[in-house]
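1. What shape does this take:
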Amino acid sequence: MQKDNLEPKNIPVNEYSLWTYEKLRYADTDRQGHVNNAIFATMLETGRVELLYNPAAPLHDQGCTFVIASLHLDLHAEITWPGNVDIGTRIATVGRSSLTIEQALFQNGICAATARTVIVQTNASSHHSQPLTEAAVLRLKDLIVAIP
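-> So this is what the prediction gives:
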């Protein structure tokens, strides 16, 4: 891992269209007193689930679910307990049956991690990909943030 990758990133918060947060627990820490990197992935899941499975506006088609096809996580800084972590989420691309989500984790305004996840809608019975509905595509495209 290159040293630059571990330096905190200065990412503007306005680059993300959806926000949520997690309250850190003492149990989230590792032997060094930092939040364990596995917890980073769990916090990213919180942001994705609030988007994909919002009970007021679900994106998945009936009889379908979303699965992760790819997850790339870059760690930039430590996260420490106690405190909260802000989770920024944005849509990067929308395909026929998939979408790419970009996320960032911030603690005290410092970007501690960034991630890029490819999500595929699959039919729960056949386990094959299934095209997103037109309504889902339109809603997802509305969440794409133009990055300067």
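2. Next SSE downstream of the helix or strand Ala104 falls within?
-> Assessed by DSSP states H and E, Ala104 sits inside strand 98-107. Downstream of strand 98-107, the first helix or strand assigned by DSSP H and E is strand 110-123.
3. thinking again about what came up before, in its sheet, what does the strand holding Ala104 sit against?
-> strand 84-94 (antiparallel), strand 110-123 (antiparallel) (DSSP bridges).
4. how about those in CSV, adding distance to Val49 and mean neighbour count?
-> Just so you know, the C-beta spots here come from the backbone N, C-alpha and C atoms, and that holds for glycine as well. Below are the strands paired with strand 98-107 laid out as CSV (distance: least, CB to CB, whole Å; neighbours: other CB atoms under 10 Å):
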stretch, distance to Val49, mean neighbour count
strand 84-94, 10, 19
strand 110-123, 11, 20
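5. Turn these into JSON lines, including distance to Leu24 and mean pLDDT.
-> Converted to JSON lines, the strands paired with strand 98-107 look like this (distance: least, CB to CB, whole Å; pLDDT from 0 to 100):
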{"stretch": "strand 84-94", "distance to Leu24": "6", "mean pLDDT": "96"}
{"stretch": "strand 110-123", "distance to Leu24": "11", "mean pLDDT": "97"}
